[in-house]
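Undergrad: build me a structure from this.
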Amino acid sequence: MKIEQIYTGCLAQGAYYIESQGEVAIIDPLREVSPYIERAKKDNATIKYIFETHFHADFVSGHVTLSKKTGAPIIYGPTAKTNFEAIIAQDQQEFKLGALTLKVLHTPGHTMESTCYLLKDSNGKDHALFSGDTLFLGDVGRPDLAQKAAHMTQEQLAETLYDSLRNKVMTLADDVIVYPAHGAGSACGKNLSKETVGTIGEQKKSNYALRQNMTKEEFVQEVTDGLLPPPQYFPLNVKLNKEGYEDIDQVLDKGTHAMDPEAFEKAANATGAVVLDVRHQDEFAKGHIPKSIFIGIDGGFAPWVGALIGDVTHPILIVAPEGREEETIIRLARVGFDNTIGYLEGGISAWTQAQKEIDTVENVDVENFKKQLDTNPIFDVRKPGEFTVGRLQSAQNTPLDFINDHLQEFPKEDTFYIHCAGGYRSMIAASILKSRGYHNLINVEGGFGAIKNAGIPIVEEVCPSTLKANS
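TA: A predicted model of the protein is given here:
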């Protein structure tokens, strides 16, 4: 028996490769499926099943492409409805995989088709639970995403999730391993652990949502309290996962179109494409194409693209570090952004050599910021929970996730400062603000971490659990 967790940090997502006696099951695969196929070839094995725990909202799964390439059937839990051929399993149905068995445990609540898969070893003993978004380490799936599809309120979905956890999950032995679909950083829950593998017993002791004497009313209150609105791209990803999508190879063929500066500028003007600059924030600050949006490839790239660009159909042109263009296109496609139409050949250097216009972002180090602290407004683009725990006295919280809702709060003419925790998010905010005509901003280098280390006075508060969960 082989179990391999294939974890993708940018999405905080875990896909799973299970092999026994030459037969393989893949659970919740990513969009690019070649690694699973190559892994099976290496084991001289055949991919027999593709299991999906639910219709994912935060990424586009690779189930459709993987099924086409391997002939393996796609399996969903009860109530799922797809536009492609799939096995809609029954609760408690079992699937043999070599000497192993995968048992379907229908666990609605996060979504109504949400299903866990219980792996039994060759002796029939419960070995591991692939829990999808039903159970995370430290949390459970948010119950507000499927309200429209289920014709239920988030409270009703939470009640359903409570029953699923108590009747299907908490009845399992303490030594059963838990393999969740997500870890810390995912927007599919509030308080996910940084750990990516645990046990049922550990979760019974440490997960607030699995408290032994917790009433249904308490569960509903705590699970729904403090939920931030989901990113706007989530429903679009659900639609793609239900209905199907373009093959990743076709997306790459279209997107890996090298353009010289003249062709790049012409394409941007003709299509109205978003010019997405994925270099490091320091490089973006030194020089970038006017009105381009910065979202660095080495940060929480794909989720921020989904949250801030929103429209997955909008054309995108890329400015990337040399050699990372294809990686950028793949990572965009993971969250449904399939309309990359090309990239700037030679990067920003080619743009400057062609004597094209360049914009910059003004930065200030914390020592100089300290001297000017009381002279201009300060905007903190971190999440509300981070802001509550510690902040500058005069700062105003304008979370990056919802910056478009705060545009009227930024001064049009007077200089203002922006900062986040470390500099990544504030540079994204700076690029968005500059693209909308706000050129009177100064970014604080190193963010709140540098501010604290510089000894600048801050306001610190004990964080309530519901706010801490969103930090």
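Undergrad: give me the buried positions along the helix or strand hosting Arg331.
TA: Element membership of Arg331 [criterion: DSSP states H and E] is helix 325-333. Of all the residues in helix 325-333, those buried under the rule 16 or more other CB atoms under 10 Å are Glu325, Thr328, Ile329, Ile330, Arg331, Leu332, Ala333. Every C-beta, even on glycine, is put in place using the N, C-alpha and C of the backbone.
Undergrad: what sits up against stretch 72-83?
TA: Stretch 72-83 is contacted from outside by 26, 47-55, 63-64, 66-67, 84-91, 95, 104, 106-108, 112-115, 242-244, using CB atoms under 8 Å, 6 or more residues apart in numbering.
Undergrad: what about it, how long is it end to end?
TA: End-to-end span of stretch 72-83 (CA to CA, to the nearest Å): 17 Å.
Undergrad: kindly report the same for stretch 246-262.
TA: This stretch, stretch 246-262, spans 29 Å end to end (CA to CA).
Undergrad: what's next to it, contact-wise?
TA: Contact partners of stretch 246-262, identified using CB under 8 Å, 6+ apart, comprise 31-33, 62, 65, 68, 267, 317-318, 325-326, 329-330, 332-333, 338-346, 350-351, 354, 356.
Undergrad: now do the buried residues in that stretch.
TA: Asp247, Ile248, Val251, Leu252, Gly255, His257, Met259, Pro261.
Undergrad: give me the subset of the residues you listed lying in strands.
TA: Met259 (DSSP state E).
Undergrad: surely Leu30 touches Gly14?
TA: No - applying CB atoms under 8 Å, one finds Leu30 not in contact with Gly14, separated by 10.1 Å.
Undergrad: now do the shared contacts for those two.
TA: Common neighbours of Leu30 and Gly14 (CB under 8 Å, 6+ apart) are Ile6, Thr8.
Undergrad: rounded mean pLDDT for stretch 174-184, please.
TA: Across stretch 174-184, pLDDT averages out at 96.
Undergrad: now the end-to-end length of it.
TA: End-to-end distance of stretch 174-184: 23 Å, with CA to CA as the criterion.
Undergrad: give me the contacts around it.
TA: With CB under 8 Å, 6+ apart as the test, stretch 174-184 has contacts from 3, 5, 7, 11-14, 16, 28, 53, 56, 58, 118, 126-133, 135-137, 188-189, 192-204.
Undergrad: how about 7 Å then?
TA: 5, 12-14, 16, 28, 53, 126-133, 135-137, 188-189, 192-194, 196-201, 203-204 (CB atoms under 7 Å, 6 or more residues apart in numbering).
Undergrad: for that stretch, buried residues please.
TA: Val176, Ile177, Val178, Tyr179, Pro180, Ala181, His182, Gly183, Ala184.
Undergrad: with distance to Gly422 added, can I get the residues you listed in TSV?
TA: What follows is the buried residues of stretch 174-184, written out as TSV (distance: CB to CB, whole Å):
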residue	distance to Gly422
Val176	38
Ile177	34
Val178	31
Tyr179	30
Pro180	27
Ala181	27
His182	22
Gly183	20
Ala184	16
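Undergrad: which of those fall within helices?
TA: When helices are assigned by DSSP state H, not one member of the buried residues of stretch 174-184 lies inside them.
Undergrad: closest to Asn368 out of those?
TA: Among those, Ala184 lies closest to Asn368 (CB to CB), at 33.8 Å.
Undergrad: now the closest one: how far from Gly449?
TA: 18 Å (CB to CB, to the nearest Å).
Undergrad: ok, Pro377 next?
TA: Pro377 is 21 Å from Gly449, by CB to CB.
Undergrad: repeat for Pro457
TA: Distance of Pro457 to Gly449, given as CB to CB: 16 Å.
Undergrad: give me the more crowded residue out of the two.
TA: Neighbour comparison, Pro457 and Gly449: the larger count goes to Gly449, with 14 against 8 (by other CB atoms under 10 Å).
Undergrad: related to what we said a few turns ago, distance to Lys291 and pLDDT for the buried residues of helix 325-333 - can I get that in JSON lines?
TA: Formatted as JSON lines, these follow (distance: CB to CB, whole Å; pLDDT from 0 to 100):
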{"residue": "Glu325", "distance to Lys291": "20", "pLDDT": "97"}
{"residue": "Thr328", "distance to Lys291": "19", "pLDDT": "97"}
{"residue": "Ile329", "distance to Lys291": "21", "pLDDT": "97"}
{"residue": "Ile330", "distance to Lys291": "25", "pLDDT": "95"}
{"residue": "Arg331", "distance to Lys291": "22", "pLDDT": "95"}
{"residue": "Leu332", "distance to Lys291": "19", "pLDDT": "96"}
{"residue": "Ala333", "distance to Lys291": "24", "pLDDT": "95"}
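Undergrad: adding distance to Thr398 as columns, could you present those in CSV?
TA: Shown next, in CSV, are the buried residues of helix 325-333 (distance: CB to CB, whole Å):
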residue, distance to Thr398
Glu325, 32
Thr328, 27
Ile329, 31
Ile330, 32
Arg331, 27
Leu332, 26
Ala333, 30
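Undergrad: hmm, back to that, make a ChimeraX selection of the buried ones in the contacts of stretch 246-262.
TA: Selection of buried members from the contacts of stretch 246-262 for ChimeraX, criterion 16+ other CB under 10 Å:
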select :31,32,33,62,65,267,317,318,325,329,330,332,333,338,339,340,341,342,343,344,346,350,351
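Undergrad: next step: the contacts of stretch 246-262 restricted to strands.
TA: Reading strands off the contacts of stretch 246-262 with DSSP E, I get Leu317, Ile318, Thr340, Ile341, Gly342, Tyr343, Leu344.
Undergrad: reformat those as JSON lines; add pLDDT.
TA: Formatted as JSON lines, those follow (pLDDT from 0 to 100):
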{"residue": "Leu317", "pLDDT": "98"}
{"residue": "Ile318", "pLDDT": "98"}
{"residue": "Thr340", "pLDDT": "97"}
{"residue": "Ile341", "pLDDT": "97"}
{"residue": "Gly342", "pLDDT": "97"}
{"residue": "Tyr343", "pLDDT": "98"}
{"residue": "Leu344", "pLDDT": "98"}
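Undergrad: return the member of those residues nearest to Arg166.
TA: Thr340 (45.1 Å).
Undergrad: the closest one and Ala333: what is the separation?
TA: Thr340 sits 8 Å away from Ala333, going by CB to CB.
Undergrad: and for these two, which residues touch both?
TA: Between them, Thr340 and Ala333 share no contacting residue, judged by CB under 7 Å, 6+ apart.
Undergrad: what's the burial count for Glu445?
TA: There are 20 residues near Glu445, going by other CB under 10 Å.
Undergrad: what sits against it?
TA: Contacts for Glu445 were tallied using CB under 7 Å, 6+ apart; they are Asn363, Val364, Asp365, Val366, Gly423.
Undergrad: tell me what the helix holding Arg331 is packed against?
TA: Counting by 3 or more CB pairs under 7 Å, 6 or more residues apart in numbering; DSSP states H and E, the packing neighbours recorded for helix 325-333 are helix 248-255, helix 301-308, strand 316-319, strand 340-344.
Undergrad: assign the residue lying closest to Ala146 once chain neighbours are set aside to helix, strand or coil.
TA: Using CB to CB, 6 or more residues apart in numbering and skipping residues adjacent in sequence, the residue nearest Ala146 is Thr111, 4.1 Å away. Secondary structure assignment for Thr111 (DSSP: H, G, I helix; E, B strand; the rest coil): coil.
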